[in-house]
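Colleague: Can you look at this prediction? I've put the sequence above it.
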Amino acid sequence: VKDLEQAAYMGGRTECRFLGKVKGNSFVGLDVNGLYPFVMKNNLYPYHLVEYQNSANLEYLDNVLGSFAVIGKVSIDTDEPAYAVRYKHKIVFPTGRFVTYLCSEGLRYALEHKHIVGIEELAVYQKADLFSGYIDYFAKLKEQYSKEDNKIMRHFAKDMSNSLYGKFAQRRKIMEANYQIDYKGYYREEVFDTITRQTEITTKMFNRIWITYGSELCPNSFVAISAHVTEYARFYLYKLMKKVGLKNVIYTDTDSIKMLVKHLP
């Protein structure tokens, strides 16, 4: 299940939809104010895994989406660039037939538009309002510090709202050894392991030596939450793109759209 959750965790929609010189000189940027805090406050999020299936049918998916949060590995056949797919360490939004990983919002959209042709994996979670109190608390602090012209604390309150979602997918370095040695001095050595294809760092300090490499999820991580937050944000932005017309969008970056003024609805 953890592998499924991590596969479904993808970032924001950053996409150049036009290559070349754009004719015209009146451009506009449409920005969603606090997109991540907005979707965190206005949606329900998974907090407890209740079921995992290697396969499922569309009727079952439709039923559980009404009461639960869901993550699935699905086969998609679509004419819309709506669904995120990892390709060469990037996020792309293809059309046609492909396999990808979707959370509740993406699965709901795909069901409504009849884009799902198969379900390979499905994880079902209990869901609840996890963040509205948190977001409201820091929104009030941000407003208060704005009135007080306290720029540092205002920025702090803003960051607390914007960055929380990532904590649920936080990773840490893997530590392979940590033992006492009798050696005065210190050193740090970086070596590329040709077998594991990873860079290992050996550090000696304070009469201890340890080796770190790669990364792993932290003990209290719950990636299903982070995956849902970023997907809610991507689909909110996609629906805005459809409102202004996909052909009119020049560039997108997580919470904003760049386009010509003349194409505003």
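Modeller: Cool, the structure landed.

Colleague: Could you pull up the mean pLDDT of stretch 120-129?
Modeller: Averaging pLDDT along stretch 120-129 yields 97.

Colleague: going forward can the numbers begin at 17, since that is how I track them
Modeller: New numbering, starting at 17: the last item is stretch 136-145.

Colleague: Pull the residues that contact that stretch.
Modeller: 17, 20-21, 60-72, 76-77, 80, 84-91, 115, 120, 240 (CB atoms under 8 Å, 6 or more residues apart in numbering). C-beta: built from backbone N, CA, C; applies to glycine.

Colleague: Buried ones among those residues?
Modeller: Among the contacts of stretch 136-145, those buried by neighbour count (16 or more other CB atoms under 10 Å) are 20-21, 60-62, 65, 72, 77, 80, 84-90, 120, 240.

Colleague: continuing past the lengthiest helix in the chain, what's the next helix or strand?
Modeller: In the chain, taking DSSP state H as the definition, the longest helix is helix 239-260. Proceeding N to C from helix 239-260, the next assigned helix or strand is strand 267-269, under DSSP states H and E.

Colleague: Show me what that next one packs onto, helices and strands only.
Modeller: strand 30-32, strand 272-276 (3 or more CB pairs under 8 Å, 6 or more residues apart in numbering; DSSP states H and E).

Colleague: And it, what's buried?
Modeller: Applying 16+ other CB under 10 Å to strand 267-269 flags 267-268 as buried.

Colleague: For the helices and strands packed on strand 267-269, give me JSON lines that also has mean pLDDT.
Modeller: Below are the helices and strands packed on strand 267-269 laid out as JSON lines (pLDDT from 0 to 100):
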{"stretch": "strand 30-32", "mean pLDDT": "91"}
{"stretch": "strand 272-276", "mean pLDDT": "91"}
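
Colleague: Point out the most buried one among those strands.
Modeller: strand 272-276 (a mean of 19; mean count of other CB atoms under 10 Å).

Colleague: mind listing what it pairs with, with the direction of each?
Modeller: strand 43-47 (antiparallel), strand 267-269 (antiparallel) (DSSP bridges).
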